[in-house]
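Engineer: Give me a model of this one.
(one chain, ligands or ions: 1)
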Amino acid sequence: MTVAINAARLNDHLTALGQIGRDDLGMQRVAFSHLDIAGRNYVSGLMRAAGLSVRIDAAGNIIGRAAGSDPSLPAIVLGSHTDTVPSGGQYDGALGVIAAIEVVHALRDAPRTLRHPVEVMVFTNEEGTSFHRWLLGSRAVAGLWEAEDFAAVADDGATLAARLPDIGGNSSRIEQARRRPDELACYLELHIEQGPTLHRGGFPIGVVTGITGRSVYHIDIVGEANHAGTTPMALRRDAMPAAAQIALAVRRIAGEMEVCRVGTVGSMDVHPNAGNVIPGRVQVGVEFRDERMESLAAAEVELRRTAAELAHAEQVAITVTAQRNTPSVPIAGNMQQLIADAAGMAGLAHVSLPSGAGHDAQAIAAVTPAAMVFVPSVGGISHAPAEYTTPEDCANGAQVLLNALLLADAR
Ligand SMILES: [Zn+2]
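Structural biologist: The predicted structure is shown next:
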């Protein structure tokens, strides 16, 4: 027997959170800022009003818990984040948090007590804008903090260790934020798609098949700087044409050849970067993303082959260095089915799709089975003030989240 979420309350709360940290350029709730803290205080209040007991863990995550009827069972976790990128949108992260709280509130209104305890987790610094360390809170819960997290320093020189107490955390006790697999039953996250697939296809619900992997390469092209007026074309060792052809090759590898899903050249450093000097050196940043690690490996082979050909043809030295890669995180088949069944219970059509963006779910998946529900982003726009999801789609997503929780509780 199902329980209905309160769509008006959901959208009111989403709108209210969207007023906190908003200016002419968008949402400015960058993690650890006073605006982020104001947003955190607002959702903490909503959690208490929904009947959750609220605590802050050592990573500054806000955790609200509702007891279940069977004290021996592990908790089912619903979560997302309330921090934003600078000048970001109103729905990224916020929808997942507000919907999770609404799910608990609706169960309390029904009233309906589940067998499992339910925890709502609001994760610290998902975006990683602060300290350049993303998924900070969810990685602490999964026990995935690294040396770089403990040593993290913000652009203003503040250390993470010094700032974490501002939101109630403590990096010297970070182990206490870690959860054991036997404490958790599963993790469910509702999020906006942040891409165009659902909106263009007219699907209200997306079942996420996996979270994309990402491979990053630094390409160093060394030729010879020389006078742009006196050096004949045939005698040049110009690093720029090789760099331009790398950019075209990356587009071809992901585009025409479809070796992997997407590929981007997002940065280029030209030396000496003067209009009257032939570039002696160009450094190029390349990334590929795909849900299959084999595809990323195949893209790397193609990139290295192209670089070797170009080095020969352009008479330059090209070094391709693989940077740190983020592995893809597949969503288990039974967890995908849970979301598909939950959409069916709500009478909503769904489509399966990969997540092209990273999410807290990929960290939490290391400690408990995770699933994600996507709802449409109008025009596929995200990380921008024009980010928008209709109130109806937000309510649909929250209802599917609630249905998934009921199904998981009954398993
Ligand atoms: Zn997000």
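Engineer: From residue 158, how far out is the residue in the stretch 151-300 of the chain positioned nearest to the ion?
Structural biologist: Going by C-beta to the ion, the ion is nearest to residue 191 of the stretch 151-300 of the chain, at 5.8 Å. Heads up, the C-betas are built off the backbone N, CA and C, glycines and all. Computed as C-beta to C-beta, to the nearest Å, the residue 191 to residue 158 distance reads 29 Å.
Engineer: So these two - more neighbours on which side?
Structural biologist: Shown here are residue 191 and residue 158; by other C-beta atoms under 10 Å, residue 191 has more neighbours (28 against 15).
Engineer: quick one on the thing from earlier: chain neighbours aside, what residue packs nearest to the residue of the stretch 151-300 of the chain closest to the ion?
Structural biologist: Spatial nearest neighbour of residue 191, chain neighbours left out: residue 96 (5.2 Å); criterion: C-beta to C-beta, 6 or more residues apart in numbering.
Engineer: Pretty sure that neighbour sits in a helix.
Structural biologist: Yes. Counting by DSSP: H, G, I helix; E, B strand; the rest coil, residue 96 is part of a helix.
Engineer: right, and it touches residue 187 too?
Structural biologist: No. Counting by C-beta atoms under 8 Å, residue 96 stays clear of residue 187, with 11.2 Å between them.
Engineer: Tell me the helix or strand right after the strand or helix carrying residue 43.
Structural biologist: Taking DSSP states H and E as the definition, residue 43 sits inside helix 34-49. Counting by DSSP H and E, the element after helix 34-49 in chain order, helix or strand, is strand 53-56.
Engineer: buried residues in that following strand?
Structural biologist: In terms of neighbour count (16 or more other C-beta atoms under 10 Å), strand 53-56 has its buried residues at 54, 56.
Engineer: Could you do stretch 222-231 as well?
Structural biologist: Using 16+ other C-beta under 10 Å as the test for burial, stretch 222-231 gives 222, 223, 224, 225, 226, 231.
Engineer: I'd like to know how far residue 79 sits from residue 318.
Structural biologist: Going from residue 79 to residue 318 by C-beta to C-beta gives 44 Å.
Engineer: OK, now which residue of the stretch 301-411 of the chain is nearest to the ion?
Structural biologist: For the stretch 301-411 of the chain, C-beta to the ion, closest residue to the ion: residue 359, 5.9 Å.
Engineer: Please tell me I have it right and that residue contacts residue 372.
Structural biologist: Yes. Proximity of residue 359 to residue 372 meets the contact threshold set by C-beta under 8 Å, at 6.6 Å.
Engineer: anything in contact with each of the two?
Structural biologist: Residues touching both residue 359 and residue 372 (C-beta atoms under 8 Å, 6 or more residues apart in numbering) are 189, 191, 211.
Engineer: Of the buried residues of stretch 222-231, just say which sits nearest to residue 32.
Structural biologist: Among the buried residues of stretch 222-231, residue 222 lies closest to residue 32 (C-beta to C-beta), at 40.2 Å.
Engineer: so where is this structure shaky, pLDDT-wise?
Structural biologist: For the chain, the stretches with pLDDT under 70 are 1.
Engineer: Up against the ion, what does it have?
Structural biologist: Within the chain, the positions near the ion by C-beta under 5 Å from the ion are 92, 93.
Engineer: domains for this protein, by residue range?
Structural biologist: The record's domain split for the chain, according to automatic domain parsing, is 7-211+328-410, 213-322.
Engineer: Of those, which stretch is the most buried?
Structural biologist: Burial of the domains of the chain is given as mean neighbour count (mean count of other C-beta atoms under 10 Å); domain 7-211+328-410 ranks first at a mean of 20.
Engineer: and the end-to-end length of it?
Structural biologist: Taking C-alpha to C-alpha, to the nearest Å, domain 7-211+328-410 runs 24 Å from one end to the other.
Engineer: And for stretch 255-269?
Structural biologist: Stretch 255-269 stretches 24 Å from its first residue to its last (C-alpha to C-alpha).
Engineer: For the stretch 151-300 of the chain, just list every one of the helices.
Structural biologist: Assigned by DSSP state H, counting those that start in this stretch, the helices in the stretch 151-300 of the chain fall at 160-163, 197-201, 239-254, 293-314.
Engineer: Contacts for the shortest one next, please.
Structural biologist: The set of residues external to helix 160-163 that reach it, using C-beta under 8 Å, 6+ apart, is 32, 130, 131, 133, 136, 149, 150, 152, 153, 154, 171, 172.
Engineer: let's see 6 Å
Structural biologist: For helix 160-163, the surrounding residues in contact (C-beta atoms under 6 Å, 6 or more residues apart in numbering) are 32, 131, 152, 171.
Engineer: for stretch 179-189, same thing?
Structural biologist: Contacts of stretch 179-189 (C-beta under 6 Å, 6+ apart): 74-80, 96, 116, 141, 361, 364, 367-372, 404, 408.
Engineer: Alpha carbons of it, in PDB - could you do that?
Structural biologist: The C-alpha coordinates for stretch 179-189 follow below in PDB (Å, rounded to 0.1, in the frame of the first residue of the first chain):
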ATOM      1  CA  ARG A 179      29.700   3.700   8.500                       C
ATOM      2  CA  ARG A 180      30.100   0.000   8.400                       C
ATOM      3  CA  PRO A 181      28.300  -2.000   5.700                       C
ATOM      4  CA  ASP A 182      26.200  -3.800   8.300                       C
ATOM      5  CA  GLU A 183      24.800  -0.500   9.600                       C
ATOM      6  CA  LEU A 184      23.300   0.300   6.200                       C
ATOM      7  CA  ALA A 185      20.700  -1.500   4.000                       C
ATOM      8  CA  CYS A 186      21.000   0.600   0.900                       C
ATOM      9  CA  TYR A 187      21.300   4.200  -0.400                       C
ATOM     10  CA  LEU A 188      18.700   6.000  -2.600                       C
ATOM     11  CA  GLU A 189      19.300   9.400  -4.200                       C
END
